[in-house]
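In: just to be clear, the model below is a prediction. Sequence and coordinates:
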Amino acid sequence: MLAAAWIIARKDLAVELRTRSAFLSVLVFTLLALATFFFAWDATSVASIDLAPGVLWVTFTFAGMLGLHRSFGSEAQDRAIDGLLIAPVEREAIYLGKAIANLVFVGAVLVVALPALAILYNLPLAQTVVGLAPVALLAAIGLVSVGTLFSSMAVNTRLAELLLPMLSLPFFVPIVMASSQISARLLAGRPMSEAMPWLKILIAFDLVFVVACTIAFPYTLEE
Amino acid sequence: MTVPAPARAFRAPLFDWFFLLAVAAVGGTLVRILAFTPFEASQGAAQKIYYIHVPAALSAYLALGILAVASVMFLWLRDPRADRLAVSAAEVGLLFTTLVITTGPLWAKPIWGTWWSWDMRLNLTMFLWFLTAAYLVLRGAIDDEAMRARFSAVLGVLAALLIPFIHLSVYLFRTMHPEPIVLQPGRPRLPAEMLTTWSMGVLAFAFLCIALIRARYRLPDGRDA
Amino acid sequence: MPDNYGFFIAAYVIAGVLIGGYVASLWWRSRR
C-alpha cells in the first residue's frame, strides 16, 4: 500500500514540478501575508518576537488551505479522479499518496517561510529555523491529514473551495494554538518543559487524525 | 384490472402529545423561575439567566452527542434513518448552542463586566457552534442524497474526535468560568429552592431537546438542510 | 441587589424567539 501511495505522491509532485503554478502562488501568498501582518501592528509597542509565532502559524494555516484545495481540485477537472479510482490500488493508498504530496508541498513552503520569518521579524536565524523545524513538521502533518480529506469532500460540493476553510479551520485551531505556544516558548528561550503539554497535544492530534482520516477517506469516494 | 392507488405515505404529526408535554414542562419551569424563585442577593435578576443557560448547554451536548452517535451508526449500518437522526440532532444542536452563546454574554456583562471573556467553556461552545454550522452548510451544498449522508457522517465523526483536542487546548488557557456548583458531591451550595428550579430547567430543556429532534425527524423526506 | 433586569429580560426574549423560530420553521417545512 505504501508503494502505491508513493507512486501517487510522485505523480502529484511531478505535475506540480512541471507547472509550479500552485507552489509559486502559495509561496508568494505566504511571504505577502508575513509582510502584511507586520504592518497591522504598532511596531513600537509590540515586540516582533511576540508577534512572530502567531503570524507564522496563522499564515501557514491559510497558505496550507490554498495548496490543499489544489490537491483534489486538479482531479475534479475532466474527472481525472476516475483514472485513480480504477487503478488497482487501495483507496487508503490514494489518500496517503495525496497526503504525502501535500506534505511535501506544504513543507517546501515552510522551508522558505521559516527563514523569511526570521529575517523579516529580526529573529535569531539559526535558532528559529532549527528550533521550529520539528514543530513545523508536526503541524504540517496535522494540517495535511485533515486538509487532504476535506479537500476531497469539498470539490464534490456546490460550494467547492468556499467550503474548505469552513470545514477545516475548526480542525486547525488546536494546531495553530499548540504550534504558536510551542514556538513562542522556543523563541523566548524558555525551558522545553513549559511547552511539553502543547507538544503532546500536537503529537496526539497527528496520530489520531492520520489514522481517522485514512479510515474515513474511502467514504468520500465511492461511486 | 385495478391498479392499487399509490399508498399515501403515513405522516406522523409533527407536534403531538409528546411535543405538547415538553412545551408544558418548559412553560411550567418558566412560571416557577419568574414567580416562585427568589432573587439571588448579589447578582440580582441576571442570575435567573442561569436557569436557561446551563440547561441549554446540557441539552446542546445531548443533541450533539446524538449527532456523533448517529454519524457513527450511519457509517456502520448505512441506514438512512441514522442520517435523518443526525441532521435532526444537528439542527436542534445548533439551536441550543446558539441559545448558550447568546444568553451567556447577557449574564457575563453585568456579572463579570465583559461580554466575552475568552474563557475555556465559552470557546468550546463557540467551536461546537462553528462545527455544527459547518455540518449544516456542508449538507446544504451537496445535492446527491447518498453522498450528502456519507460526507456529513464523516464530518460528524471527525468533529467528535476533534472535541477532546479543542477542550484540552482551551483548557491550557486559564479559565475563569464559575466551577459547576450543582454537580459537586456532598455539598450542593445552591439553596434548595434554586436547586429545584435549576433541576426543573435541566429536565424541561432535555425534554424539549428530544421533542424537537423527534419533530424534525418526522418531517417529510425530501430536500433538507 | 444590582439592577440588571434588562439583561434578564433580553436573555429570555432571545431564548423565546430562537426556540419559537425553530418550531415555526419546522411547522413551515412540514406543510410544503
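Out: Done, it's in.
In: up against chain C, what does chain B have?
Out: B:14-15, B:39, B:41-46, B:48-49, B:52-53, B:56, B:91-92, B:95, B:98-99, B:102-103, B:106-107, B:109-110, B:208, B:212, B:215-216, B:219-220, B:222 (CB under 8 Å from any CB of the partner chain). Any C-beta I mention is one placed from the backbone N, CA and C, and that applies to glycine too.
In: among the residues you listed, name the ones in helices.
Out: Counted as lying in helices by DSSP state H, out of the residues of chain B next to chain C, are B:52-53, B:56, B:91-92, B:95, B:98-99, B:102-103, B:106-107, B:109-110, B:208, B:212, B:215-216.
In: show me where pLDDT drops low in chain B?
Out: By pLDDT under 70, the low-scoring segments of chain B are B:1-11, B:173-189, B:221-225.
In: ok so, going back, buried ones among the residues of chain B next to chain C?
Out: Listed as buried from those are B:14-15, B:43-46, B:48-49, B:52-53, B:56, B:91-92, B:95, B:98-99, B:102-103, B:106-107, B:109-110, B:208, B:212, B:215-216, B:219; burial here means 16 or more other CB atoms under 10 Å in any protein chain shown.
In: check which residues of the helix or strand bottoming out on mean pLDDT in chain A are buried.
Out: Every helix and strand of chain A was ranked by mean pLDDT, DSSP states H and E. The lowest is helix A:81-86, at a mean of 78. For helix A:81-86, a neighbour-count test (16+ other CB under 10 Å) marks A:81, A:84 as buried.
In: the very next helix or strand once past that helix - contacts with which helices or strands?
Out: Next helix or strand after helix A:81-86 toward the C-terminus (DSSP states H and E): helix A:91-120. Counting contacts by 3 or more CB pairs under 8 Å, 6 or more residues apart in numbering or on different chains; DSSP states H and E, helix A:91-120 packs against helix A:2-19, helix A:21-39, helix A:48-76, helix A:81-86, helix A:125-154, helix A:196-216.
In: comparing those, which yields the minimum mean pLDDT?
Out: Lowest mean pLDDT of the helices and strands packed on helix A:91-120: helix A:81-86, a mean of 78.
In: now do the strands in chain B.
Out: Under the criterion DSSP state E, chain B carries no strands.
In: from residue A:180, how far out is residue A:216?
Out: Separation of residue A:216 from residue A:180 (CB to CB, to the nearest Å) stands at 27 Å.
In: got it, and residue A:127?
Out: Distance, residue A:127 to residue A:180, using CB to CB: 17 Å.
In: more neighbours, those two?
Out: residue A:180 (20 against 13; other CB atoms under 10 Å in any protein chain shown).
In: isn't the more buried one up against residue A:55?
Out: No - look at residue A:180 against residue A:55 with CB atoms under 8 Å: they stay out of range, at 9.2 Å.
In: okay, and for chain C, where does confidence drop off?
Out: Chain C contains residues with pLDDT under 70 at C:32.
In: where do the strands of it begin and end?
Out: Under DSSP E, chain C gives no strands.
In: which stretches of it form helices?
Out: Going by DSSP H, chain C shows helices at C:5-30.
In: pretty sure residue B:127 is touching residue A:171, no?
Out: No - Residue B:127 lies out of contact with residue A:171 (CB under 8 Å); the separation is 9.8 Å.
In: host element of residue A:170?
Out: Element membership for residue A:170 (DSSP H and E) is helix A:163-187.
In: in contact with residue A:128, which residues?
Out: Residue A:128 makes contact with A:114-115, A:117-118, A:187 under the criterion CB atoms under 8 Å, 6 or more residues apart in numbering or on different chains.
In: and the gap between residue A:106 and residue A:22?
Out: Taking CB to CB, one finds residue A:106 at 11 Å from residue A:22.
In: could you do residue A:208 as well?
Out: Counting by CB to CB - residue A:208 and residue A:22 are separated by 28 Å.
In: how about the residues of chain A by chain B?
Out: Residues of chain A lying close to chain B (CB under 8 Å from any CB) are A:146, A:149, A:153, A:156-159, A:163, A:166-167, A:169-171, A:173-174, A:177-178, A:181, A:197-198, A:201, A:204-205, A:208-209, A:212-213, A:216, A:219-220, A:222-223.
In: among those, which ones are buried?
Out: Buried among the residues of chain A next to chain B (16+ other CB under 10 Å): A:146, A:149, A:153, A:156-157, A:163, A:166-167, A:169-171, A:173-174, A:177-178, A:181, A:197-198, A:201, A:204-205, A:208-209, A:212-213, A:216, A:219-220.
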